[in-house]
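Peer 1: Next input, structure requested:
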Amino acid sequence: MALRIEDYALIGDLHTAALVGRNGSIDWLCWPRFDSAACFAALLGTEEHGRWLLAPVEKPVDISRHYVDQSLVLETRFKTKKGEVSIIDFMPLRNGSSDIIRLVIGRHGQIDMRMDLVLRFDYGITIPWVEQLADNAGLTAIAGPNRAILRTPVPTQGKDFHTLATFTVKAGEVVPFVLTYGASHIPIPAAIDAEAALAHTTSFWQDWAGKSSYRGPWQAAVTRSLITLKALTYLPTGGIVAAPTTSLPEKIGGVRNWDYRYCWIRDATLTLLSLMHTGYYEEADAWRNWLLRAIAGNPAQIQIMYGLAGERWLPELTLDWLPGYEASHPVRIGNLASGQRQLDIFGEMMDALYQGRQGNLADSDTAWAAQTALVRYLETIWKEPDDGIWESRGGRQHFTFSKAMTWVAVDRAVKTAQQANESCTLEKWIALRDEIHADICQKGFNAEMNSFVQVYGGNELDASLLILPLVGFLPPEDPRIVGTIDAIQQHLTADGFVLRYNTDRGIDGLPAGEGVFLACSFWLADNLILQGKLDEARALFERLLSLTNDVGLLAEEYEPRQLRQVGNFPQAFSHVALINTALNLTRASGPATQRAGQEQQAPADAIDGF
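Peer 2: Below is the predicted model:
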């Protein structure tokens, strides 16, 4: 039976990542980078589609795990009747190669262990050719361009396309296993000292985490979220993937299974603010520069998402040989939504560039030219329908949130021009901003419901409307905003958590049903903060924190009826939202007040400063 999504933990090396299960099995790994062909795909299939199990032969009586201090080094402890053993899992950072290191450490007694390595490439379909290395130094597995090398002092044997081993570890003994990736046409990568790599990797992550400027009551949760966000960063470019996985379902057994191993423009401003407000200006600058490179060119060709280096060609395919996580199929790679029109991304881009200036990121020579081109393009298209923030596949409509973000785009351009004395047709831009605002208030607000609605002239709610006061479209005390938040709390929640929209209405062309969307639930808390309802906001935030798994990770969604996480995992958007809400609750001038241009009631334990 498949592990639950929350039974996994993340390890990574800023190029790629793997998911390690509580049972000692690595069931998901993409080599050599986040969006490449998976080596282990058991999470979406069976063990025959690739996995790497290290576990006691005897069934454990207890399993516990934790990250080593403030790092991305995972320790899983197995206790049996004969003793206790730890497995330390991590991916060291080294140039030119990517490794998974697993150290089996005897803690008490004497434990019999087993290893079962099922190497598969191309998402579990390709069985490699396996050979022993010279001098019994390990084995190598090759399939086309890919090579994996296993080095361990433990003797192994092949059986039915598995690599198997049994061994015994006593208290104080350390048994290393190192799996290394390399291209098959070049020499085998040099061996790595596993224990020295452990010390270096632990030190790297602890030093990085120690740079955080956040000080507050949720220190552990914020630090873990920051580490997760860093782990989802592709170091060569600064791009941040939405998640390291594909096709983990938003509804178990359903078809809402998408590939999230790409970088979304939608996440731009919230990500930037979370990094700057915690002192990570280098990462913020890298993310801002990635955005500028990605959108370079004709504004009409801007996409909603890109590859790790800004790739635009992201065709969607289905992998019919994989049954999907708990029979949730199809399994998809690539994302058809990359070709959609989403007007909200223009607001996200413009706000990210504006907030970067506010945060004193180094000026970019191309930023203002890009902003000017975006506004000129928006002048011609803002009245057109789009596919919406949630990537609906049910046809284009006039989504209220999309229109509001076009207002944000023009508003931030106007403010930048005024503050930086940039050359533009300012009066024309101000008139356009006012026109868009009036259009939204007239067509996107339903007076009978006393709420803004999902689409012009409609009567359905949408959680994206929670962003309106957070971007300064209207002040949080405006009756229309108060009515919208009340309506969402009453009619678009499950167990107090926020749904994206009502999937029963068929607006997206897909079968109904999904979990509550965690980022949207954090947005509700942010709105309560802006309204001065701090106790209610804290209570919601604490409930959201209780949904993290035992090592502090969140998926995209949560299923309150089944009490389990769903969707791709771990999800950058969820962790970014967690960081920002913690900052909003802790500081008088948090990300929400900065972005909205509003002053809020300072929490009792507020810490001033950016």
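Peer 1: and the longest helix for the chain?
Peer 2: Counting by DSSP state H, the longest helix found in the chain is helix 400-420.
Peer 1: Counting by contacts, list what it packs against.
Peer 2: Using 3 or more C-beta pairs under 8 Å, 6 or more residues apart in numbering; DSSP states H and E as the contact criterion, the secondary-structure elements in contact with helix 400-420 are helix 344-358, helix 367-381, helix 426-443, helix 467-470. To be clear about C-beta, it is placed using only N, CA and C from the backbone, and glycine gets the same treatment.
Peer 1: What are the buried residues along it?
Peer 2: Neighbour counts using 16 or more other C-beta atoms under 10 Å place 400-417 of helix 400-420 among the buried residues.
Peer 1: Tell me where this structure has helices.
Peer 2: All helices of the chain, identified by DSSP H, fall at 194-209, 219-231, 268-276, 281-295, 344-358, 367-381, 400-420, 426-443, 467-470, 479-491, 518-530, 534-545, 572-586, 591-596.
Peer 1: give the contact list for the residue nearest to Thr406 when sequence neighbours are not counted.
Peer 2: In this structure, Thr406 finds its nearest non-sequential neighbour in Trp382, 4.3 Å apart by C-beta to C-beta, 6 or more residues apart in numbering. Contacts here follow C-beta atoms under 8 Å, 6 or more residues apart in numbering; on that basis Trp382 touches 343, 403, 406, 436.
Peer 1: which residues of the stretch 301-450 of the chain score low on pLDDT?
Peer 2: Applying pLDDT under 70 to the predicted model, the stretch 301-450 of the chain contains no residue that meets it.
Peer 1: Which other helices and strands does the lengthiest strand in the chain contact?
Peer 2: What stands out as the longest strand in the chain, according to DSSP state E, is strand 98-118. Helices and strands touching strand 98-118, as assessed by 3+ C-beta pairs under 8 Å, 6+ apart, comprise strand 51-56, strand 74-80, strand 83-90, strand 162-170, strand 174-183, helix 194-209.
Peer 1: Could you list the domains of the protein?
Peer 2: The record, using automatic domain parsing to delimit domains, assigns the chain the ranges 5-208, 211-596.
Peer 1: what about the first one, average pLDDT?
Peer 2: Meaning domain 5-208. When pLDDT is averaged along domain 5-208, the result is 96.
Peer 1: now the end-to-end length of it.
Peer 2: 27 Å (C-alpha to C-alpha, to the nearest Å).
Peer 1: Work out the gap between that domain and the centre of the chain.
Peer 2: Its chain's average C-alpha position is 23 Å from that of domain 5-208, according to C-alpha atoms, centre = their mean, to the nearest Å.
Peer 1: Check stretch 225-240 too.
Peer 2: Relative to its chain's centre, stretch 225-240 lies at 9 Å (C-alpha atoms, centre = their mean).
Peer 1: just stretch 475-492 next, same as before
Peer 2: 28 Å.
Peer 1: Which of the helices and strands packed on helix 400-420 sits closest to Glu542?
Peer 2: Proximity of the helices and strands packed on helix 400-420 to Glu542 was assessed by C-beta to C-beta; the nearest stretch is helix 467-470, lying at 20.5 Å.
Peer 1: mean confidence for that closest one?
Peer 2: The predicted confidence, averaged over helix 467-470, sits at 98.
Peer 1: That helix - contacts with which helices or strands?
Peer 2: Counting by 3+ C-beta pairs under 8 Å, 6+ apart, helix 467-470 packs on helix 400-420, helix 479-491, helix 518-530, helix 591-596.
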